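Enquirer: I'd like to go over a predicted model; first the sequence, then the structure.
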Amino acid sequence: MNRPEVIGGRLKALRLALGYRQAKAFCDFIRVTDTAWNNWEHGRRTVPIDVASRIALNTGASLDWIYHGFGHALPVH
């Protein structure tokens, strides 16, 4: 697994790629608190697997990409 700040960078990239310029709207979409998201996106904590799974399910990003940077962030259409 990558360091929390590397994972956080991917989480931010995913949020922005999905068109969520403000974290609050994305937090509402994936059902997490702003504080928790801020900690994950800024690399202060690692996103828990249950939340990462929910992010993957709701966005199409893979867990491999979230945690390791392998594969695609978003589904290819």
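Expert: Perfect, thanks for sending it. Numbering: from 1, shown residues only.

Enquirer: show me the contacts for residue 40.
Expert: By CB atoms under 8 Å, 6 or more residues apart in numbering, the contact set of residue 40 is 4, 7-8, 11, 46-47, 51. (Each C-beta comes from the backbone N, C-alpha and C, glycine too.)

Enquirer: 6 Å - rerun?
Expert: Residue 40 sits next to 8, 11, 47 when contact means CB atoms under 6 Å, 6 or more residues apart in numbering.

Enquirer: helix or strand: which one has the residue nearest to it when sequence neighbours are not counted?
Expert: Nearest non-adjacent residue to residue 40, counting by CB to CB, 6 or more residues apart in numbering: residue 47, 4.4 Å away. Remark: residue 47 resides in no helix or strand, with elements defined by DSSP states H and E.

Enquirer: leaving out the residues flanking it, which one is nearest to residue 56?
Expert: residue 63 (5.3 Å).

Enquirer: residue 5 and residue 45 touch, don't they?
Expert: No: counting by CB atoms under 6 Å, residue 45 is not a contact partner of residue 5; they are 10.4 Å apart.

Enquirer: what's the spacing between residue 68 and residue 19?
Expert: Computed as CB to CB, to the nearest Å, the residue 68 to residue 19 distance reads 25 Å.

Enquirer: these two: which is more packed in?
Expert: Of the pair residue 68 and residue 19, residue 68 is the one with more neighbours under other CB atoms under 10 Å, namely 14 against 8.

Enquirer: show me where this protein has strands.
Expert: Secondary structure of the chain (DSSP state E): no strands located.

Enquirer: buried set for the helix of greatest length in the chain?
Expert: Longest helix in the chain by number of residues (criterion: DSSP state H): helix 4-17. Buried residues in helix 4-17, counted by 16 or more other CB atoms under 10 Å: 4, 7-12, 14-15.

Enquirer: give me the low-pLDDT residue ranges for the chain?
Expert: Scanning the chain for pLDDT under 70 picks out 1, 73-77.

Enquirer: mind listing the helices in this structure by residue range?
Expert: Here the chain has its helices, by DSSP H, at 4-17, 23-30, 34-41, 49-59, 63-68.
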